[in-house]
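S.K.: structure for this input, please:
(4 chains)
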2 protein chains.
Amino acid sequence: MTLDMPDSLLTARDRFDRLHADLRDRICLLDYAPGTRLSEEKLAAEYGVSRTPLRRVLARLESEGLVQSVHGVGTFVTDVDIEELAQTYQLRLELAEMVGRLSPVPPSPEILARLARAADRARTLVTAPDPRAFAQLNMEVFLARLSLTANEALREFAERLYIRTARIWLKSVFASRVDLAEETEMFLREIEEVEAALATGDLHAAALIQRAHISMSFTRMKTGRRPGRG
Amino acid sequence: MTLDMPDSLLTARDRFDRLHADLRDRICLLDYAPGTRLSEEKLAAEYGVSRTPLRRVLARLESEGLVQSVHGVGTFVTDVDIEELAQTYQLRLELAEMVGRLSPVPPSPEILARLARAADRARTLVTAPDPRAFAQLNMEVFLARLSLTANEALREFAERLYIRTARIWLKSVFASRVDLAEETEMFLREIEEVEAALATGDLHAAALIQRAHISMSFTRMKTGRRPGRG
DNA sequence: TCGGCCGGTGTTGTGCACATCACGCAGCAG
DNA sequence: CTGCTGCGTGATGTGCACAACACCGGCCGA
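M.R.: So this is what the prediction gives:
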C-alpha cells in the first residue's frame, strides 16, 4: 500500500505520519472493531519501533476521538453511535456546503480524472459489492473533493469530521441496517451528478449535491432497512 | 491561578490538561511571543515533571498549530499572519453563526450572570485599558457563549479555531495597528447587544451579532489604524 | 581571501527500565 | 455460602540515558 524507502531517507515526521495514517485507516475500515484493545507493545513490535513513538501516534488518535486510553487498563477503539453522532453529522453537512462556497478552486484535470476513475470503480462495485472496498473508495473521493476548496482550515476540519464519522456507515452495513447494493448505486449516482455539476463549473452545486447525499445517507442509517425488503 | 491539590489525587490526565491549558494560555496571551523557542528541559523543570509528559503536551500544541517542533533545532511558537489567517477567519465567521442555529440551548441564569459580570469588567477596562486583561476577558466570554449550543463537535471546532486566531488581536494591539480603547468599547457594545438579544430569547440574533463583530474586528486589524487618528 | 570540511554543542527523537494503576482470582474470616 | 482482603498480572504513564540531527565556529587548503 505504502511505498517503502530506506530508513536513511525517512525522517521522524514521515514515520509518524505513516503510522498515524495506517492505524487511522485500520480503525476507520473496521479492521479494528470498536472496543478492540490496542496493545502498545504488540503494535510497536509490528511496526518495528519502540513504545515511545507509537504512544505519540496513539495520543494523536485519542485527540481525534478514535481511541481512548485508560491508565492501567488499556487503549481501546472508541465506539460510534448514530444518535450521538447526529450533531457531528449536522456540522458535517454545513462544512460540506461550505466547500463549494469558501475559496472554491476550479477543478483540475487531475481531479476530474480521479473522479472518473472513482466512478469506474464504483460501477465495478455495483456488480460485485464489497463493503471495505466501497468504504475505501468513499474516503478517497471525499478527500479528493476537499481539494476543491483553497481554505486549508476548512479542509482540515472537514477531514477530521469525516474521520470521526466514517466508521458508522461500514458498521451499518455489517449490521444489515443499510443495503450495500443500494448504497453503492446511490454513491455512483452522486459521483455522476457531481461530475455533471463540475462540468458546468458550478462548484456550489457540486457541494450541495454532496451535502444532500451525506444527509440522505445519514437518514438511511438512522432509519434502517424496512423489514420485508431485504 | 489553578488550585493546588495533593499529587495523590491528581491523575495523569489532570496533569496533562493543566499543563496543556497553561502553556496554551501563555502562547495565546503572548507571554511567549511568536518565534520563541520553548526548551523542553526548562519547561519540564519548571512544571516539576520529566520531558516525557511535557513532550506529550507539546505534541498536542503542535497538532493545534500553536508550536512547531524541528528535530535537532527546537520547538518554536508559531507566528500568526493576518493574510494567512484570512481563510481561518472566514471559517470562524460561519461557525459563529452556526452556534445560534445548530442545537441552540436557552441561556441559563449562570450564563447571563457571567455575561453581566463580563460587561462590568469590560466597563472597567474601558476606563483603564489593559491589553492582556482584555484578551483574557475576550477568551472567557467566547468560551461562555459556546455553551449556548449543545452541539459538542461545533463547540470543539469553534474553540480550536478561536485558539488558533486569538493571538492576532493582541499582536495587533502591541503593533499599534488597532486602537485598544476603540476595541474595548466595541467589545463592550458587543456584550450589551448580545445581552439584549438573549433577553428576547433570539439566540440566532445573538450569534449573528458575534459574527458581525468578529468580521469587523478582523477588518480593523487588516486595515490598520488610519494615520492622523492616533 | 574564499570555500569547504569537520568537530563541538545543544536540541529533539528513541529505547528501555521502572513506577503507577486497575482488574481478577485465590484465600480466608464471618 | 458470602463478602472482603490481599496479591499477582498486565496495562499505561514516567524518568532517564542515549541516538540522531542541525547549527556554528574554527581550521585548513587552494
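S.K.: who in chain A is up against chain B?
M.R.: Within chain A, the positions lying close to chain B (C-beta under 8 Å from any C-beta of the partner chain) are A:11-13, A:56, A:59-60, A:63, A:71, A:87-88, A:90-91, A:94, A:98, A:102-103, A:150-154, A:157, A:160-161, A:164. The way it works is simple: take the backbone N, C-alpha and C, and place the C-beta from them, glycine included.
S.K.: and the helices in chain A, which stretches?
M.R.: With helices called from DSSP state H, chain A shows them at A:12-28, A:40-47, A:51-63, A:86-99, A:109-127, A:131-146, A:152-174, A:180-199, A:203-223.
S.K.: for A:Gly100, which non-adjacent residue is spatially closest?
M.R.: A:Ala207 (2.5 Å; C-beta to C-beta, 6 or more residues apart in numbering or on different chains).
S.K.: and whatever residue of chain A ends up closest to DNA strand C, how far is that from DNA strand D?
M.R.: Distances between chain A and DNA strand C by C-beta to the nearest atom of the strand are smallest at A:Gly72, namely 2.6 Å. Distance of A:Gly72 to DNA strand D, given as C-beta to the nearest atom of the strand, to the nearest Å: 4 Å.
S.K.: with A:His213 instead?
M.R.: Counting by C-beta to the nearest atom of the strand, the gap from A:His213 to DNA strand D is 37 Å.
S.K.: possible to save the helices of chain A as CSV with mean pLDDT and distance to A:Phe76?
M.R.: As requested, those are arranged in CSV below (pLDDT from 0 to 100; distance: least, C-beta to C-beta, whole Å):
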stretch, mean pLDDT, distance to A:Phe76
helix A:12-28, 97, 11
helix A:40-47, 98, 12
helix A:51-63, 98, 10
helix A:86-99, 98, 20
helix A:109-127, 96, 31
helix A:131-146, 97, 21
helix A:152-174, 97, 14
helix A:180-199, 97, 28
helix A:203-223, 97, 23
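S.K.: quick check: the gap between the residue lying closest to A:Ala144 once chain neighbours are set aside and A:Leu198.
M.R.: Computed as C-beta to C-beta, 6+ apart, the closest residue to A:Ala144 that is not its neighbour in sequence is A:Arg114, at 5.1 Å. Distance, A:Arg114 to A:Leu198, by C-beta to C-beta, to the nearest Å: 12 Å.
S.K.: per-domain residue ranges of chain A.
M.R.: Following automatic domain parsing, chain A resolves into domains at A:10-77, A:86-223.
S.K.: how far does the shortest one stretch from one end to the other?
M.R.: This points to domain A:10-77. Counting by C-alpha to C-alpha, to the nearest Å, you get 28 Å between the two ends of domain A:10-77.
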